[in-house]
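*Asks:* what's the 3D shape of this:
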Amino acid sequence: MAEDHATTRNFTDVYVCQKCNATNRSASGMPAKCRKCQSKRFRLKKKKKKTAA
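*Replies:* Model (predicted):
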């Protein structure tokens, strides 16, 4: 249960700038520009794959 909340918080509506790698949160869709370098190029934050232990 707690893992679901953490996953939602860490990966939902979080975008990474392709120019400076800054993370940008947005409540609705992709942000207009980067908060550090003012670039408009973004990608979604990637989720790490789980491996069997």
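*Asks:* geometric centre of the protein: which residue is closest?
*Replies:* residue 14 (2.5 Å; C-alpha atoms, centre = their mean).
*Asks:* which residues does it form a beta bridge with?
*Replies:* residue 25 (DSSP bridges).
*Asks:* report the contact partners of residue 27.
*Replies:* Residues in contact with residue 27 (C-beta atoms under 8 Å, 6 or more residues apart in numbering) are residue 13. From N, CA and C alone the C-beta is placed, and that goes for glycine too.
*Asks:* secondary structure class for it?
*Replies:* coil (DSSP: H, G, I helix; E, B strand; the rest coil).
*Asks:* can you pull the pLDDT of it?
*Replies:* Note on residue 27: pLDDT of 82.
*Asks:* distance of it relative to residue 10?
*Replies:* Remark: distance between residue 27 and residue 10 (C-beta to C-beta, to the nearest Å) = 15 Å.
*Asks:* could I have the one helix or strand in the chain whose mean pLDDT sits lowest exported to CSV, CA atoms only?
*Replies:* In the chain, no helix or strand scores lower on mean pLDDT, DSSP states H and E than helix 2-11, which sits at a mean of 73. Provided in CSV are the C-alpha atoms of helix 2-11 (Å, rounded to 0.1, in the frame of the first residue of the first chain):
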residue,chain,number,x,y,z
ALA,A,2,2.7,2.5,1.0
GLU,A,3,4.7,1.5,-2.1
ASP,A,4,1.8,2.6,-4.4
HIS,A,5,1.6,6.0,-2.8
ALA,A,6,5.4,6.4,-3.1
THR,A,7,5.4,5.3,-6.8
THR,A,8,2.6,7.7,-7.5
ARG,A,9,4.4,10.6,-5.8
ASN,A,10,7.7,9.9,-7.5
PHE,A,11,6.6,9.2,-11.1
